[in-house]
Each structure stands twice: as structure tokens, then as C-alpha cells.
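Student: Using only what follows, build the 3D model:
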Amino acid sequence: MGTVIAAFIVFALVVAGMAVGVIFNQKPIKGSCGGIGGGECACEKAGKPVGSCD
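Tutor: This is a model prediction of the structure:
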């Protein structure tokens, strides 16, 4: 049982660390084009360079 609690604490610290990194980075989180879902990027469909769509 101690191992489960320790693993949960480590996991929670990692998630908290990533959240702090996102907060201090001050950039909005963006989705990626392509990836597992495949398909075309919305930017490419609109004829804009990838990364310019908000």
C-alpha cells in the first residue's frame, strides 16, 4: 500500500510541475496538426501556414 501512495505522490508532483511550467510560460496551449487522428490541419485547409491559426 505504501508503494501505491508513493507512486500517487510522485505522479501528482509531476502533474503539478507541468502545470507550473505552463502557467509561467504564459503561452496558450495549442493542439497539434496531424498526430494520431491524422487528417489535415485546419491551417492547411484555410491556406495559412501551420502555426498561424488560433
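
Student: All the strands of this protein, residue numbers only.
Tutor: Shown for the chain, no strands are assigned by DSSP state E.

Student: Low-confidence regions, it specifically.
Tutor: Scanning the chain for pLDDT under 70 picks out 29-47, 49-54.

Student: would you list every one of the helices in it?
Tutor: Secondary structure of the chain by DSSP state H: the helices cover 2-25, 42-46.

Student: out of these, deepest packed?
Tutor: helix 42-46 (a mean of 12; mean count of other CB atoms under 10 Å). Placement of C-beta: from N, CA and C, glycine included.

Student: got the CA positions of stretch 7-22 in CSV?
Tutor: The C-alpha trace of stretch 7-22 is given here as CSV (Å, rounded to 0.1, in the frame of the first residue of the first chain):
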residue,chain,number,x,y,z
ALA,A,7,3.5,6.4,-6.8
PHE,A,8,0.5,8.7,-6.5
ILE,A,9,2.5,11.4,-4.8
VAL,A,10,5.2,11.2,-7.5
PHE,A,11,2.6,11.4,-10.2
ALA,A,12,0.9,14.4,-8.5
LEU,A,13,4.2,16.2,-8.2
VAL,A,14,4.9,15.6,-11.9
VAL,A,15,1.5,16.9,-12.9
ALA,A,16,1.9,20.0,-10.6
GLY,A,17,5.3,20.7,-12.1
MET,A,18,4.0,20.6,-15.6
ALA,A,19,1.1,22.9,-14.6
VAL,A,20,3.5,25.4,-13.1
GLY,A,21,5.6,25.3,-16.3
VAL,A,22,2.6,26.1,-18.4
